[in-house]
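> Model the structure of this input:
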Amino acid sequence: MKKVKLEISGITYSQTQSGSYVLTLAEVAGKRKLPIVIGGFEAQAIAVELEKMIPNRPLTHDLFKSFCEAYAVNVEEVIIYKFEEGVFYAKIICRNEEFVTEIDSRTSDAIAIGVRFSCPIYSVDKVLDEVGSTKEIDEIEEDFDLDTELDDLDMEEDENEFSSQSVEELQTQLNEALSNEQYELASKIRDEIKNRTK
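As a prediction, this is how the structure comes out:
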């Protein structure tokens, strides 16, 4: 199977699946995009690492990384190798001095771990040919049944919830959210601050 390198191009709130997010992976040397619906916890875990937020206590994926480092195991790559009945299948490829191991994983967890090791993410042509698209993410959601790997979470997005607050007030709220381990809220506040200070 020929591996195709992907990169994370975005995490957006799903317009079709309540309480979930769409993680979009883009082909590095092409135009295809791979949309994967993930739960809120996994979306937060990926976003926290991508935005270099430092939680007060380690998240589950941080704990996995610490465990690997303690035993001299390195995560070398993540491979999304199959799409079947609406579910993506992934492997985490790990190596130490003596052996290489493939660990079966939910795709969202594999990517959350992969970004912590700064390792490459791959898929295969068969998956990209079947599910990949060159359309924008809202069009992709209409075309595919992306009901995969969902957590039963009650989340609502309110685009105007910060409109009446100053940047200084938002910065205070951001610090409080991080202190209280409210990483989804922290991500939203940080996005709002970035949008205002462009």
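
> which non-adjacent residue is nearest the residue nearest to the spatial centre of the chain?
Nearest to the centroid of the C-alpha atoms of the chain, with distances taken as CA atoms, centre = their mean, sits residue 46, at 4.1 Å. The shortest distance from residue 46 to any non-neighbouring residue, by CB to CB, 6 or more residues apart in numbering, is to residue 112 (5.0 Å). No exception for glycine: its C-beta is placed from N, CA and C like everyone else's.

> Any idea how many residues pack against that neighbour?
30 (other CB atoms under 10 Å).

> For it, grab phi and psi.
In terms of degrees, to the nearest 10, the main-chain angles of residue 112 are phi -60, psi -40.

> contacting residues for it?
Contacts of residue 112 were listed using CB atoms under 8 Å, 6 or more residues apart in numbering, and they are 42, 45-46, 49, 61.

> Could you report the pLDDT at it?
Per-residue confidence (pLDDT) for residue 112: 95.

> follow-up on the earlier one: could you dump the contacts of residue 112 into JSON lines with secondary structure added?
Shown next, in JSON lines, are the contacts of residue 112 (DSSP: H, G, I helix; E, B strand; the rest coil):
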{"residue": "42", "secondary structure": "helix"}
{"residue": "45", "secondary structure": "helix"}
{"residue": "46", "secondary structure": "helix"}
{"residue": "49", "secondary structure": "helix"}
{"residue": "61", "secondary structure": "helix"}
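
> Now for those: which two are most distant?
By the measure CB to CB, 42 and 49 form the most distant pair in the contacts of residue 112, at 11.3 Å.

> Comparing those two, which shows the higher neighbour count?
Between residue 42 and residue 49, residue 42 has the larger neighbour count (other CB under 10 Å), namely 25 against 22.

> Could you report the distance from that one to residue 48?
Distance of residue 42 to residue 48, given as CB to CB, to the nearest Å: 11 Å.

> same question, residue 166
25 Å.

> Look at those two and report which has more neighbours.
residue 48 (23 against 10).

> quick check, the more buried one in a strand?
No - looking at residue 48 with three-state DSSP, it is helix, so not inside a strand.

> Name the nearest residue to it, ignoring sequence neighbours.
Leaving out its chain neighbours, the residue that sits closest to residue 48 by CB to CB, 6+ apart is residue 183, at 5.2 Å.
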